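# need a structure here:
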Amino acid sequence: MARGRDRISQLPADILDHILGFLPIKDAAKTAVLSSIWRDVWLSLTQLNFDHEFFCYMYKKHRHAIKYAKKSAVSLYVINKVLLLHNGTIRKFVLSFYNVGIRAIRSRSYDFDQWLLFVTKKGVEEIYIRFDKEAYKLPGCVFSCSTLKRLHLYGVVVEPMKFPCILPNVASLCFECVDFGPINCLDCAIDVPVLEKLSFIQCHDIFHFDITAPKLCSLTIEHCSSTVRGKFLPVSLDLRSISTLDLGGRLQGLFKEITSMGFQLNVEYLKLSCHHGFYTKSDGSSSVFVHLLRLCPKLGKLDINSFWFESSLTNCMDTLLELHAAAQTNKMLRTLKFISFEGSRSETLFIKDLLASFSTLEKVVIIREKRYCKKDSTGVMLELLDLPFASTKTKIIMV
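Sure, this is the predicted structure:
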C-alpha cells in the first residue's frame, strides 16, 4: 500500500491537483499528512469546493455546539483558514451556504466579500455561489474579474452597476432566485462582450439586467416573472444570435414581447417546459406553441417537458389547423423529444398532432415518467403508430 502511495506521490503536481479535485474538500485536506509533497499540493489546490457536503460535515462534527450560529462560525473559520494558507492559483471556487437566516448572512457579508476579493485575484475561472436567502449583495469585484469564465449565482442580490462593461471574459452566466435592482445607472446597456450562454431561473424583473451580448447563442428563461406590465426581457438583449432557446413556466408575457420585436428567430434547438394555455387557445388568439413555431423557421430539434394540456384538447380544431399551417413554414425539424411522459390522453393527442403535421420528422423520442407503468407503453405505441405520419422517415423510440 505504501509503495503504491509513493508511486502516486511521484506524479506531476498538476496531476495530483486534478486527483484531489475529485475529492470532497474535507478528504483532500486529509492528504496533507501523507508527505510534504501532498501538503504542498493541498495548500495550492486549484479547486476549493465549500459545498453542501462540506457544511453538513462541519455541522455534524460540531453537533454538540450549543447554538446553530456557533456551528456556522466554525465552518467560516475553517474557510478563512484554508484561504489564508492557500498558495497559487484558484481555478474554481464553490460556496453553498445552506440553512442560515438573513441576519446571519448579513452579519457575515464582510467575510464573504473578502473571500471573493481574494479569489478574484487568484486567477479564478469558475465561481458558484449559493445562499438560501436573498440577503447577500454581491461585490463588484466579481463582475470586474478579468479571469472569470463561468459564473453561477443562486439566492443573491445584484446591486446597480456604474460601469459600461462587466464580466469581460465570462462565456457562461446563470442566475437562480436572484434579486435584481435597477442594475444600470447609466443611460445605456451594459456590455458582456464574450457571453455565449445566459440563464435566468426563478428570477423576478430580469429586464433590469439590461445588457448587450453580441456572441450570445444560448438563452434559458424558466419560471421567471415581472412586476411591470409589458416588461420582461432586457431591452437591449438581441435575440437574433440565439440558436438554443430554453423556456419554462408561463410564457404568455415573454411571448408577447418576443412577438412585438417584429423579426423571426434563428433558433435551431428549442426546449419547452410549459403550463396551461401552451397549446390550446386561451383568448381567441393563436396558441403560444404555434406562435413559437412560426417564429423559429430554422428549428431542427424540439424538446418538450412537463405536459399540462387541457382535457378540451380534442375540440381545438382551429389550433390543429394552425399547427399544420405553421409546420408548412418549417422544413428543418428532424428530432422531437418528449420528457416526463405520463400517458395521458392529452399528451398522446398532442404527439399525434405533431406527427401528422411535420413532414421532415425523422426521430421521435418519448421518455416515460418514472411512475409510468411500462406495460402501458405498448398500447400508446400502437395508438401512435395507427396514424399516417406526415413523414415516411419517422421512427418512434420509447424509453
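
# which intervals of this structure have sub-threshold pLDDT?
Using pLDDT under 70 as the threshold, the predicted model of the chain has low-confidence ranges 1-42, 61-72, 98-101, 183-187, 274-286, 306-319, 371-377, 387.

# Longest helix in it, please.
In the chain, with assignment by DSSP state H, the single longest helix is helix 68-85.

# The next helix-or-strand element following it - contacts with which helices or strands?
Where DSSP states H and E defines the elements, the next helix or strand beyond helix 68-85 is strand 92-97. Of the remaining helices and strands, those touching strand 92-97 by 3 or more Cβ pairs under 8 Å, 6 or more residues apart in numbering; DSSP states H and E are strand 47-50, helix 52-61, helix 109-119, strand 126-131. Every residue, glycine included, has its C-beta placed from N, CA and C.

# So which residues of this structure form helices?
2-9, 13-20, 25-30, 36-43, 52-61, 68-85, 102-107, 109-119, 140-143, 252-260, 288-295, 317-328, 345-357, 377-385.

# quick one: the residue nearest the centre of the chain and Glu176, what's the gap?
Centroid-nearest residue in the chain, with Cα atoms, centre = their mean: Ser199, separated by 5.3 Å. As for Ser199, its distance to Glu176 is 8 Å (criterion: Cβ to Cβ, to the nearest Å).

# that older thread, next, the angle helix 109-119 makes with the longest helix of the chain.
Relative orientation of helix 68-85 with respect to helix 109-119: 20 degrees, computed using axes from the mean of the first three to the mean of the last three Cα atoms, to 10 degrees.

# Need the CA coordinates for helix 68-85. PDB is fine.
What follows is the C-alpha trace of helix 68-85 in PDB, where atoms were taken according to Å, rounded to 0.1, in the frame of the first residue of the first chain:
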ATOM      1  CA  TYR A  68     -26.500  26.700  15.300                       C
ATOM      2  CA  ALA A  69     -24.800  30.000  14.800                       C
ATOM      3  CA  LYS A  70     -21.800  28.600  16.600                       C
ATOM      4  CA  LYS A  71     -21.600  25.700  14.200                       C
ATOM      5  CA  SER A  72     -21.700  28.200  11.300                       C
ATOM      6  CA  ALA A  73     -18.900  30.200  12.800                       C
ATOM      7  CA  VAL A  74     -16.700  27.200  13.000                       C
ATOM      8  CA  SER A  75     -17.300  26.500   9.200                       C
ATOM      9  CA  LEU A  76     -16.500  30.100   8.400                       C
ATOM     10  CA  TYR A  77     -13.300  29.900  10.500                       C
ATOM     11  CA  VAL A  78     -12.200  26.800   8.500                       C
ATOM     12  CA  ILE A  79     -12.800  28.500   5.200                       C
ATOM     13  CA  ASN A  80     -10.900  31.600   6.400                       C
ATOM     14  CA  LYS A  81      -8.000  29.300   7.400                       C
ATOM     15  CA  VAL A  82      -7.900  27.500   4.100                       C
ATOM     16  CA  LEU A  83      -7.800  30.700   2.100                       C
ATOM     17  CA  LEU A  84      -5.200  32.200   4.400                       C
ATOM     18  CA  LEU A  85      -2.900  29.300   3.900                       C
END
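
# ok now it, how far from the chain's centre?
For helix 68-85, the distance from its own C-alpha centre to the chain's C-alpha centre is 29 Å (Cα atoms, centre = their mean, to the nearest Å).

# Wait, Ile166 touches Leu195, no?
No: using Cβ atoms under 8 Å, Ile166 and Leu195 do not qualify as a contacting pair, with a distance of 9.6 Å.

# overlap in contacts of these two?
Taking Cβ atoms under 8 Å, 6 or more residues apart in numbering as the criterion, Ile166 and Leu195 both touch Ile211.

# Reformat the helices and strands packed on strand 92-97 into a markdown table and put distance to His152 and mean neighbour count next to each item.
Conversion of these to a markdown table gives the following (distance: least, Cβ to Cβ, whole Å; neighbours: other Cβ atoms under 10 Å):
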| stretch | distance to His152 | mean neighbour count |
| --- | --- | --- |
| strand 47-50 | 13 | 20 |
| helix 52-61 | 14 | 16 |
| helix 109-119 | 14 | 17 |
| strand 126-131 | 4 | 20 |
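
# Distance to Leu292 for these - can I get that in TSV?
As requested, the helices and strands packed on strand 92-97 are arranged in TSV below (distance: least, Cβ to Cβ, whole Å):
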stretch	distance to Leu292
strand 47-50	39
helix 52-61	36
helix 109-119	39
strand 126-131	31
